[in-house]
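K.L.:
okay, sequence plus prediction incoming.
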Amino acid sequence: MTQLFAVVFTDKPDHGAVRAAYLQAHVDWLEQHKELVPVGGSLRHEPGQVPKGGLWIARAESKAQLEALIQSDPFFVAGLRQGYEILFWSKANAERMVLI
């Protein structure tokens, strides 16, 4: 059964250059996996700052499926990620299917 997840990533400090170098590869990779990760993006304290991490809203069979997916993300492979947390997500208004 497909479940909803929120995945919160924390980037390694002072790795903005790694993020910049692999951003297009990461975006292309997300597009290839849009069925599992329909919504994703970076997190920062203020607009214009270097991101501190990222957030995915994911639809997967299990945490293990997401773990395997994360391991193939160009950002992860390049060593950008300090860590991540995979959380089960209960969407309010579950019948309303919208993408931001």
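P.N.:
Perfect, I can see it now. Numbering: from 1, shown residues only.
K.L.:
just after the helix or strand hosting Leu23, pick out the following helix or strand.
P.N.:
According to DSSP states H and E, Leu23 maps onto helix 16-32. Once the chain leaves helix 16-32, the next helix or strand it forms, by DSSP H and E, is strand 39-43.
K.L.:
what is the neighbour count of Val37?
P.N.:
For Val37, the tally of surrounding residues (other CB atoms under 10 Å) stands at 22. Bear in mind the C-beta positions are built from the backbone N, C-alpha and C, glycine included.
K.L.:
wait, it touches Leu30, no?
P.N.:
Yes - here Val37 reaches Leu30: they are 5.8 Å apart, a contact under CB atoms under 8 Å.
K.L.:
what about the strands in this structure?
P.N.:
Along the chain, counting by DSSP state E, strands occupy 3-11, 39-43, 53-60, 81-88.
K.L.:
quick check: angle from the first one to strand 53-60?
P.N.:
Going by axes from the mean of the first three to the mean of the last three CA atoms, to 10 degrees, strand 3-11 is angled at 160 degrees with respect to strand 53-60.
K.L.:
strand partners of strand 3-11, parallel vs antiparallel please.
P.N.:
strand 53-60 (antiparallel), strand 81-88 (antiparallel) (DSSP bridges).
K.L.:
which outside residues touch the helix holding Leu23?
P.N.:
Under the contact criterion CB atoms under 8 Å, 6 or more residues apart in numbering, helix 16-32 has outside partners 11-12, 37, 40, 50-51, 72-75, 78-80.
K.L.:
done for today, thanks.
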